[in-house]
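J.: Predicted model and sequence follow; I will ask about them next.
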Amino acid sequence: EDKVVQSPLSLVVHEGDTVTLNCSYEVTNFRSLLWYKQEKKAPTFLFMLTSSGIEKKSGRLSSILDKKELFSILNITATQTGDSAVYLCAEGSNYKLTFGKGTLLTVNP
Amino acid sequence: DGGITQSPKYLFRKEGQNVTLSCEQNLNHDAMYWYRQDPGQGLRLIYYSQIVNDFQKGDIAEGYSVSREKKESFPLTVTSAQKNPTAFYLCASNNFLSGTSGKAVSEQFFGPGTRLTVL
């Protein structure tokens, strides 16, 4: 059975800290890895990764994929209270997404 | 405005009643999906449809039914057979990455969700 595992499940940091969120996957026919941010409503898209070693960046957020070791990381530098959310990763193949349980990030002032 | 709409935002039903959740998209996406989210959980796939008049069961299809008579619409019925229906329901749609085999899912767009409470 295909599986996506995120760690840690929850994380509390102070504003200005840098955090790294992890996502490992065990899926057949891997095609794409997606990251979403969810704040008490529908998830919003962050990144999609299909190739190993190519970092994607958007402001203070960045993500990279390692297809050999079957994992991806999401980095957030200089965290702000507005970064507090659940971060979801999902693997996209076989016409659908398989989601992990998410990492709950809390950024305290 | 392009997007996905779900209605209603909040829904209350008595135990034993069937209820239908609406999902409409005007993004011209081929594929549509229904997820359920419980507190502290990720998204679990209920049903999905790659094309009109076709749909497949996801991981937790028992007690649910869907139809896909039009490209824009993918309603979900929560039946009385669903043992624990209270949850947050999300609808999504996407196209697939072109030029790839195995149909990789591209960015999936989500509706605002329906919070169903069964009393």
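T.: On my side now, so go ahead.

J.: wait, doesn't residue B:20 sit right on residue B:77?
T.: Yes. If you go by C-beta atoms under 8 Å, residue B:20 and residue B:77 touch, sitting 4.7 Å apart. Every residue, glycine included, has its C-beta placed from N, CA and C.

J.: Which residues of chain A lie near chain B?
T.: With the criterion set to C-beta under 8 Å from any C-beta of the partner chain, chain A comes near chain B through A:6, A:29, A:31-32, A:34, A:41-45, A:48, A:50, A:88, A:90, A:92-102.

J.: mind pulling up the phi and psi values for residue A:89?
T.: The phi/psi pair for residue A:89 (degrees, to the nearest 10) reads phi -120, psi 150.

J.: what pLDDT does residue 58 get?
T.: Reading this off chain A. Residue A:58 carries a pLDDT score of 94 in this model.

J.: Hmm, no, I was thinking of chain B.
T.: Residue B:58 carries a pLDDT score of 94 in this model.

J.: Identify the spatial nearest neighbour of it, chain neighbours not counted.
T.: Of all residues not flanking residue B:58 in the chain, residue B:45 sits nearest, at 3.2 Å (C-beta to C-beta, 6 or more residues apart in numbering or on different chains).

J.: Which parts of the helix or strand harbouring that neighbour count as buried, going by neighbours?
T.: Assigned by DSSP states H and E, residue B:45 falls within strand B:43-51. Buried positions in strand B:43-51, judged by neighbour count with 16 or more other C-beta atoms under 10 Å in any protein chain shown: B:43-50.

J.: picking up where we left off before, list the ones among the residues of chain A next to chain B that fall in strands.
T.: Secondary structure assignment (DSSP state E) places A:6, A:34, A:44-45, A:48, A:88, A:90, A:92-93, A:96-99 from those within strands.

J.: so who does the nearest residue to residue A:10 once chain neighbours are set aside touch?
T.: Distance criterion C-beta to C-beta, 6+ apart; nearest residue to residue A:10, sequence neighbours excluded, is residue A:104 at 4.2 Å. Residue A:104 makes contacts with A:9-11, A:85-86, as judged by C-beta atoms under 8 Å, 6 or more residues apart in numbering or on different chains.

J.: State the distance from residue B:16 to residue B:82.
T.: Distance, residue B:16 to residue B:82, by C-beta to C-beta, to the nearest Å: 11 Å.

J.: For those two, indicate the residue with more neighbours.
T.: Between residue B:16 and residue B:82, residue B:82 has the larger neighbour count (other C-beta atoms under 10 Å in any protein chain shown), namely 22 against 8.

J.: what does chain B put close to chain A?
T.: Residues of chain B lying near chain A by C-beta under 8 Å from any C-beta: B:31, B:33, B:35, B:40-45, B:48, B:50, B:56, B:58, B:90, B:96-97, B:100, B:102-113.

J.: From residue A:101, how far off is the spatially most central residue of chain B?
T.: Residue closest to the mean C-alpha point of chain B, counted by C-alpha atoms, centre = their mean, is residue B:34 at 2.0 Å. Distance, residue B:34 to residue A:101, using C-beta to C-beta: 19 Å.

J.: Kindly report the same for residue A:7.
T.: To residue A:101, residue A:7 is 10 Å away according to C-beta to C-beta.
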